[in-house]
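In: take this sequence and fold it.
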Amino acid sequence: QAQLVESGGGLVQAGASLRLSCAASGGTFSSYAMGWFRQAPGKEREFVGVISQSGVSTYYANSVKGRFTISRDNAKITIYLQMNRLKPEDTAVYYCAAGNRGSWPHMTYDSWGQGTQVTVSS
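Out: Predicted structure coming up:
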């Protein structure tokens, strides 16, 4: 099972960009689809997007489509979430997750990181 550590969160103004990273260890990274989720205060955890094992395919929630991009570097066993044109409603704790079960793009995730806080001020 993979161990995941997110980094790159912070406080930014609306309209800014931020890139989150998720470093993996353990498991076979290239066999996992990797997802990003977020959870805002008082809300349920929300799917953000997912990237396939090869990195060829991605799928995003409508709320972030066109603004967020997921990429992966299997050699560095790291995935990234590039967030552009950030909005105050993007404020949340962001989590990465790894899974190799399920039907694309609706994966089942077995490993989760601890999360990184992203705060967008208006």
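
In: please count neighbours and contacts with C-alpha atoms only from this point.
Out: Noted.

In: looking at it, Q53 is touching G35, isn't it?
Out: No. With contact defined as C-alpha atoms under 8 Å, Q53 does not reach G35; the gap is 10.5 Å.

In: between these two, who's got more neighbours?
Out: G35 (28 against 19; other C-alpha atoms under 10 Å).

In: relative to D110, how far out is that one?
Out: 11 Å (C-alpha to C-alpha, to the nearest Å).

In: next one: S21
Out: With distances defined as C-alpha to C-alpha, the gap from S21 to D110 amounts to 19 Å.

In: picking that back up, intersection of neighbour lists for G35 and D110?
Out: Jointly contacting G35 and D110 under the rule C-alpha atoms under 8 Å, 6 or more residues apart in numbering are 97-98.

In: compare S21 and D110 (neighbour count), which wins?
Out: Neighbours around S21 and D110, counted as other C-alpha under 10 Å, are more numerous at S21. The numbers are 22 against 13.

In: out of everything not next to it in sequence, what's closest to that one?
Out: Y80 (4.5 Å; C-alpha to C-alpha, 6 or more residues apart in numbering).

In: do A23 as well
Out: With C-alpha to C-alpha, 6+ apart as the measure, T78 is the residue that lies nearest to A23, at 4.5 Å, once sequence neighbours are left out.

In: can you list phi and psi of that neighbour for me?
Out: Backbone torsions of T78, given as degrees, to the nearest 10, read phi -140, psi 140.
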